[in-house]
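Novice: I need the structure of the sequence given here:
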Amino acid sequence: MSKVMRNLAAVCCVLIALPALAQDGATKAENKPKDYFSDAALRVKKEHDPAQKREILNRSFDKVFKAVDRIEKMPAFSSVDLQAVREIRSRAKDRSDELNGLNNYQPVSDAQLNQFADYVVQDMEQAKSVTIVTTTTVLLIIILVLLLA
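Specialist: Sure, this is the predicted structure:
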């Protein structure tokens, strides 16, 4: 087999495998925010002091807000991408307001903080994705910003 044929065969193999690799990457990327909030919920449940539990949750929301702010300042996103980011911010803002009793919410009681942390995880899981490619791109950047913040 000639070198050209081997190279062509290698390119074909990569093109055939690429969709499967992209889907696997998309699945992992979509799980990262869920993992981020799940980790925060675990830290909340391990903590005994309600003030510390609230601090953990508030810090988690603040990191999401900072990540979204940074993403919105980046010029490379379409309006569809930015809408997905705004939905994440809106959900996090609603949960933050609920935690702290702002904007017509009753504050979450100290006794309910563990359950509230689980509720936040579930709520963020239910955020609708626009498309796999858009969501993956946005989520990867959010993840990077969250990890670097």
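Novice: The closest residue to Phe116 other than its chain neighbours: how many residues sit nearby?
Specialist: Nearest non-adjacent residue to Phe116, counting by CB to CB, 6 or more residues apart in numbering: Val108, 4.6 Å away. Every C-beta, even on glycine, is put in place using the N, C-alpha and C of the backbone. Residue neighbour count, defined by other CB atoms under 10 Å, stands at 21 for Val108.
Novice: so is Val108 in a helix, a strand, or just coil?
Specialist: coil (DSSP: H, G, I helix; E, B strand; the rest coil).
Novice: Next, give phi and psi for it.
Specialist: Phi and psi for Val108, reported as degrees, to the nearest 10, are phi -70, psi 130.
Novice: how far away is it from Ser60?
Specialist: Val108 sits 14 Å away from Ser60, going by CB to CB, to the nearest Å.
Novice: Can you name the residues that contact the residue nearest to Phe116?
Specialist: Residues near Val108 by CB atoms under 8 Å, 6 or more residues apart in numbering: Glu98, Leu99, Gly101, Phe116.
Novice: Next: Lys53.
Specialist: Lys53 touches Val44, Glu47, Asp110, Leu113, Asn114, Ala117, counting by CB under 8 Å, 6+ apart.
Novice: Closest one to Val64 out of those, please.
Specialist: Ala117 (14.2 Å; CB to CB).
Novice: Surely the closest one and Ala41 touch.
Specialist: Yes - at 3.8 Å, Ala117 counts as touching Ala41 under the criterion of CB atoms under 8 Å.
Novice: related to what we said a few turns ago, using a markdown table, lay out the contacts of Val108 together with distance to Ala84, pLDDT and secondary structure.
Specialist: Below are those laid out as a markdown table (distance: CB to CB, whole Å; pLDDT from 0 to 100; DSSP: H, G, I helix; E, B strand; the rest coil):
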| residue | distance to Ala84 | pLDDT | secondary structure |
| --- | --- | --- | --- |
| Glu98 | 22 | 97 | helix |
| Leu99 | 23 | 97 | helix |
| Gly101 | 28 | 97 | coil |
| Phe116 | 24 | 96 | helix |
